[in-house]
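Asker: Mind folding the following:
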Amino acid sequence: MTTKYFAILTNQGAAKLTNATALGRQLKLTQMAVGDANGALPTPDAAQTALINQKRIAPLNTLTLDPGNASQIIAEQVIPETEGGFWIREIGLYDDEGTLVAVANCPETYKPQMQEGSGRTQIVRMLLAVSSPSSVTLTIDPAVVLATRKYVDDKVIEVKAYADGLLANHLAAANPHPQYVKVADIAYYTPIGVPVPYPAAVPPGGWMLCNGATFDKAAWPGLAAVYPSGVLPDLRGEFIRGWDNARGVDSARVLLTAQGDAIRNLTGSIPCVAPFGFEQHVSGAFYGMGMTNGGGSSATQDSGYAIGLNASLAVPTAAENRPRNIAFNYIVRAA
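Answerer: Below is the predicted model:
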């Protein structure tokens, strides 16, 4: 049985393909046209330079190798449901210079318009045998073409496979984020001997408590370089203060020296002569108190009155001077 539907290169298309192959270039296919051939099924003619009666021309969507025939290419175009109102009996492929490169006929099909009450997306496909498929390429403007469902599905599968591969490689990598410090290496980025607040009673391996203990300088030379005395500072219950270093705020200090607690001096005064009952009008840290012998109200009267000082009447007090704080264990990296 003779072939009724087929596609052929036009004379101009064959010449261009031969020239492109010889020069190592590519023939760029850009558009596909469809027509109704004036109502009769046409026979493709290599001498054609245009379709018999073109109804539509638009960019190609895809141009691929036929997976079942390596010497055959598949050109595809999607006609949206918003366009139609004509029969399709002939198909043409054009290159980037507007030359009709290939022509084909196809089974008659009517492409309706939405206004006619029946709209559909039409896929037009041309299979074309060429001697050198690698010499044919597709040039499209992706902003003005549509994608077929199969094309999208294939790309989704392709992208998913790529993403799955990236994730698998990421999970399998020993160090997938070389730009970040690994948890196991954090300690090595802390200088030896720097006190670090630690929330547990026992320090991790390679670390020592800042408890005033003596350490082996030969065994821990790095630690000995910053604590040449071979004794760790005892930071239990202590606050660390920045070394003055000639600033003049806490002068005459040497590194690693301890400093006892102190407060600013508190001063006050009591009048030497006052009327009876002046002790009842004190304020702040002062308070009125009785005395067994004499007092401010009388020089000789037993059980007289005086002025006392008690800071707890004005502020929180304790057996030490301290700011608000949270207890941590100070530790140092030994090596």
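Asker: Not counting its neighbours along the chain, what's nearest A102?
Answerer: The spatially closest residue to A102, leaving aside those adjacent along the chain, is L93, at 4.2 Å (CB to CB, 6 or more residues apart in numbering). Where C-beta positions appear, they are placed from N, C-alpha and C, glycine not excepted.
Asker: For L223, see how far away the spatially most central residue of the chain is.
Answerer: By CA atoms, centre = their mean, the mean C-alpha position of the chain lies nearest to H177, the distance being 12.2 Å. Using CB to CB, to the nearest Å, H177 is found at 31 Å from L223.
Asker: same question, N69
Answerer: 76 Å.
Asker: now do L65
Answerer: Relative to L223, and taking CB to CB, L65 is found at 69 Å.
Asker: of the two, who's got more company?
Answerer: L223 (21 against 14; other CB atoms under 10 Å).
Asker: Let me know the pLDDT of that one.
Answerer: pLDDT, L223: 93.
Asker: Leaving out sequence neighbours, find the closest residue to it.
Answerer: Spatial nearest neighbour of L223, chain neighbours left out: A334 (5.0 Å); criterion: CB to CB, 6+ apart.
Asker: right, and the one you found touches G205 too?
Answerer: No - counting by CB atoms under 8 Å, A334 stays clear of G205, with 9.5 Å between them.
Asker: got the end-to-end distance for stretch 63-74?
Answerer: Terminal residues of stretch 63-74 are spaced 6 Å apart (CA to CA, to the nearest Å).
Asker: I'd like the next helix or strand past the longest helix along the chain.
Answerer: Longest helix of the chain, by residue count under DSSP state H: helix 149-172. Counting by DSSP states H and E, the next helix or strand C-terminal to helix 149-172 is strand 196-198.
Asker: Can you list the strands that that next one pairs with?
Answerer: Here strand 196-198 has these sheet partners by DSSP bridges: strand 329-333 (antiparallel).
Asker: quick check: mean pLDDT across the partner strand?
Answerer: 90.
Asker: For it, C-alpha coordinates in CSV please.
Answerer: Output in CSV follows, covering the C-alpha atoms of strand 329-333 (Å, rounded to 0.1, in the frame of the first residue of the first chain):
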residue,chain,number,x,y,z
ASN,A,329,31.7,26.6,85.1
TYR,A,330,34.7,28.3,83.5
ILE,A,331,36.9,25.9,81.6
VAL,A,332,39.9,26.3,79.3
ARG,A,333,41.0,24.3,76.3
